[in-house]
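J.: Show me the folded form of this:
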Amino acid sequence: MILALRALGLGDLLTAVPALRGLRAALPGPLVLATPAWLAPLAAPLADRLLPTAGLDAPLDTDRPEVAVNLHGSGPESHRLLAATRPGALWAFGNDRAGHAGPAWPAGDHEVRRWCRLLSWYGVSADPADLRLPPPEAHPAVAGATIVHPGAKSPARRWPPRRFAAVARRLAADGHHVVVTGSAAERDLARAVAEAAGLPADRVLAGGTGIGELAALVAAARLVVSGDTGIAHLATAYGTPSVVLFGPVPPRLWGPPPSPVHHAIWHGTRVDRGDTTAPGVHPALLRVTVPEVLAAAERVQQALSSPTG
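T.: A predicted model of the protein is given here:
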């Protein structure tokens, strides 16, 4: 049995897809993925079994694995959690505090390539471009919608709501069926954006979709406009045209792969912490304008319909 740890969020899971596929193809025995239970609709096709794991605080309830693979972080906590399962071998980046010798943590790597690089060190090949997911089983609440997603985990990564509203208003005027998505905690934000954009109340889907329903919505969407957050990675996974707005973290570390149908906007000059509780939008994100987002939205849609798109 092979045990892989990735007990993080939606975008984190999706950036590990190539590594998980590489593991499954290269090693015999079932692949068990330790990841949060709420991600099961997306994680299930990537492993033979899921081990619900919400963070690093509780021991992993599993049989002894032949190989334990740390796709979670640089350690030491994640290393120690896997080591406690007494694996035949631990594959992880080197960490002196955990007493583990492995490859050096590549701080400047894109998140997708980082985990592929780890496996390469242990002799397993993984293709960083292998990011696509199979079509969701759930039916979309709306087919062909344009999704505006104003939320993100930290304030630094949230473009101002009035700018999202201006984008939504213009897209709706141009004939897009605009819906506003988000978590249950972001429902008020989504309502404010929809109201300012002049959208009817039923266009607010925030808090009304589980992860499977959200995936189906994105897979069938016309366009996704969002900040640097999980839904942007869903757009990549399903080849849905997207415009992604970056602030503290540049797209070279977390952005979509080079593609005419995905456009990342970033006006920063350095890498800052992406997840912080500090108030305020990151200055690089504030430099992103409504006209450039609308222009990017037009370009990615044209690319999809072009012969080479």
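
J.: Give me the number of neighbouring residues for Leu8.
T.: 18 (other CB atoms under 10 Å). Any C-beta I mention is one placed from the backbone N, CA and C, and that applies to glycine too.

J.: Touching, it and Leu71? I think so.
T.: No: contact status for Leu8 versus Leu71: not in contact, 9.2 Å apart, counting by CB atoms under 8 Å.

J.: where does stretch 242-251 sit relative to the chain's centre, distance-wise?
T.: Offset of stretch 242-251 from its chain centre (CA atoms, centre = their mean, to the nearest Å): 12 Å.

J.: Ok, stretch 236-252 next?
T.: 9 Å.

J.: tell me the mean pLDDT over that stretch?
T.: In this model, stretch 236-252 has a mean pLDDT of 97.

J.: What is the end-to-end distance of that stretch?
T.: 15 Å (CA to CA, to the nearest Å).

J.: three-state assignment of Ala34?
T.: strand (DSSP: H, G, I helix; E, B strand; the rest coil).

J.: before we move on, back to that, need the residues touching each of Leu8 and Leu71.
T.: With CB atoms under 8 Å, 6 or more residues apart in numbering applied, the contact sets of Leu8 and Leu71 do not overlap.

J.: name the helices or strands packed onto the top helix by length along the chain?
T.: Taking DSSP state H as the criterion, the chain has its longest helix at helix 290-305. Applying 3 or more CB pairs under 8 Å, 6 or more residues apart in numbering; DSSP states H and E, one finds that helix 290-305 makes contact with helix 161-173, strand 223-227, strand 242-245, strand 262-265.

J.: List the buried residues for it?
T.: For helix 290-305, a neighbour-count test (16 or more other CB atoms under 10 Å) marks Val290, Val293, Leu294, Ala296, Ala297, Val300, Gln301, Ala303 as buried.

J.: Just give the nearest non-adjacent residue to Leu51, would you?
T.: Ala34 (4.4 Å; CB to CB, 6 or more residues apart in numbering).

J.: Run through the bridge partners of that neighbour.
T.: Leu5, Leu51 (DSSP bridges).

J.: Tell me who's in contact with the nearest residue to Asp130 once chain neighbours are set aside.
T.: Once flanking residues are discounted, Asp130 sits nearest to Pro18: 4.4 Å by CB to CB, 6+ apart. Going by CB under 8 Å, 6+ apart, Pro18 touches Val112, Trp115, Cys116, Ala126, Asp127, Pro128, Ala129, Asp130, Leu131.

J.: per-residue confidence for Pro18?
T.: Confidence score, pLDDT, at Pro18: 98.

J.: before we move on, what about Gly309?
T.: Note for Gly309: predicted pLDDT of 49.

J.: Would you mind identifying the helix or strand in this protein with the lowest mean pLDDT?
T.: The helix or strand of the chain with the lowest confidence, counting by mean pLDDT, DSSP states H and E, is helix 290-305 at a mean of 93.
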